[in-house]
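Student: show me how the following folds:
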Amino acid sequence: MNNYRRGLGGFSMFPPVIKYLLISNIAVFLLQYFFLGMLKSGNTALGDLFVKNFALFTINSPFFKPWQVFTYQYLHGGFSHLFFNMFALWMFGMELENLWGSKTFFIYYTVCGVGAGLANILIAPLFTTMAPNVPTVGASGSIYGVLIAFGMIFPNRLIYIYFMLPIKAKYLVVIYILVEVFAVASQSGPGIAHFAHLGGGVVGFLYVYFIMNKGKPMQFKDQNKTSNVFDNFKDMFEKKKEEEPPVYKRPANIYDANFEDMTNSKYEDDMRRNEKETVAKIDAILDKLSANGYGSLTDEEKRILFQESKKLR
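Tutor: Numbering: from 1, shown residues only. Predicted coordinates:
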């Protein structure tokens, strides 16, 4: 995943992990409901066997398997459940993966999902009665972790609810968490794994704050930015303003100007050496971009990428 390159200075709308997560979740959904759902082994539908092995059951259930804390987040309870989870993953996750890099984002997503699953089977039974044979499915725990990270890193980014009502990301996160806390306290919304949602969000917060940020105050990426999450669409179609060309100063005395023979072998050797050094420098920047995301580049590295990208037009 770290060998992926988006192109010079580009922003990917479908970075690798986001793309593969979308494909894998949709593929599992089709497998569960259409292919295995139509097949039977004796009197048991293969789709039911699939759920019993890969959805998340409570520890006291005879269907519980240790690997279910990983696999349950790729199963969903219906099309709307799948659609809204995948839309939220793409909407908030694409920018995090572009910022962090693919490997870091995938680890974070998985850790949040596992944390959500553990919260659902270890903590939830202490506060509510759970049917042992009713499984938990869905990527919502991981999505809550992604949402928490987005709100921490881009707190003032405007999110448009129903594409009309603007709200800052930090307030949207607070609202989501308060809704889940209220649902847990009132034990409302049966059939919804509220503890998994909260678990994914709490694990995401702790991971970003203590592991990724090492407990330091958050350095917000767009403290004063008020554009919404879809501004990247506009950036794709707008040509960036080119830098002004350097101003040539004529020597005070034209006879003092220095000239070099373009056919000189020493000049050609210098040109080839400079070209090799430039290529090596670009490769190093692209490797850093692939591993850690665009946000890890220095201003000088971004300037070099921008200058080189203009030569490709």
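
Student: show me the strands in this structure, by range?
Tutor: For the chain, the strands defined by DSSP state E cover 40-41, 44-45, 158-161, 165-168.

Student: quick one: those strands as JSON lines, columns for mean neighbour count too.
Tutor: Heads up, the C-betas are built off the backbone N, CA and C, glycines and all. Shown next, in JSON lines, are the strands of the chain (neighbours: other Cβ atoms under 10 Å):
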{"stretch": "strand 40-41", "mean neighbour count": "12"}
{"stretch": "strand 44-45", "mean neighbour count": "12"}
{"stretch": "strand 158-161", "mean neighbour count": "15"}
{"stretch": "strand 165-168", "mean neighbour count": "12"}
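
Student: out of those, which is closest to L122?
Tutor: strand 44-45 (29.5 Å; Cβ to Cβ).

Student: partner strands of that closest one, parallel or antiparallel?
Tutor: Paired neighbours of strand 44-45 in the sheet (DSSP bridges): strand 40-41 (antiparallel).

Student: list the contacts of the strand it pairs with.
Tutor: L46, L49 (Cβ atoms under 8 Å, 6 or more residues apart in numbering).

Student: now it: mean pLDDT?
Tutor: The average of the pLDDT scores along strand 40-41 is 75.

Student: before we move on, the earlier item: could you dump the strands of the chain into a markdown table with distance to K288 added?
Tutor: Output for those, formatted as a markdown table (distance: least, Cβ to Cβ, whole Å):
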| stretch | distance to K288 |
| --- | --- |
| strand 40-41 | 51 |
| strand 44-45 | 50 |
| strand 158-161 | 30 |
| strand 165-168 | 31 |
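
Student: can you report phi and psi for T58?
Tutor: T58 adopts backbone torsions of phi -70, psi 160, taken as degrees, to the nearest 10.

Student: output the lowest mean pLDDT helix or strand found in the protein.
Tutor: None of the helices or strands of the chain scores lower by mean pLDDT, DSSP states H and E than helix 231-237, at a mean of 42.

Student: got the contact list for V184?
Tutor: By Cβ under 8 Å, 6+ apart, the contact list for V184 reads F127, T128, H194, F195, L198.

Student: and the third one, what pLDDT?
Tutor: In the predicted model, H194 carries a pLDDT score of 84.

Student: wait, doesn't it sit right on F182?
Tutor: No - the pair H194 and F182 fails to qualify as a contact (Cβ atoms under 8 Å) at a distance of 9.2 Å.

Student: between the two, tell me which one has more neighbours.
Tutor: The neighbour count for H194 versus F182, taken as other Cβ atoms under 10 Å, is higher for H194 (24 against 12).

Student: any idea how far I159 is from that one?
Tutor: 22 Å (Cβ to Cβ, to the nearest Å).

Student: cool, F106 as well?
Tutor: From F106 to I159 the distance is 24 Å (Cβ to Cβ).

Student: about what we covered before: which of the contacts of V184 are buried? Put it as a ChimeraX command.
Tutor: To isolate the buried ones among those in ChimeraX, judged by 16 or more other Cβ atoms under 10 Å, type:
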select :194,195,198
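
Student: tell me which two of the contacts of V184 sit farthest apart.
Tutor: Greatest spacing in these, by Cβ to Cβ: T128 and L198 (12.5 Å).
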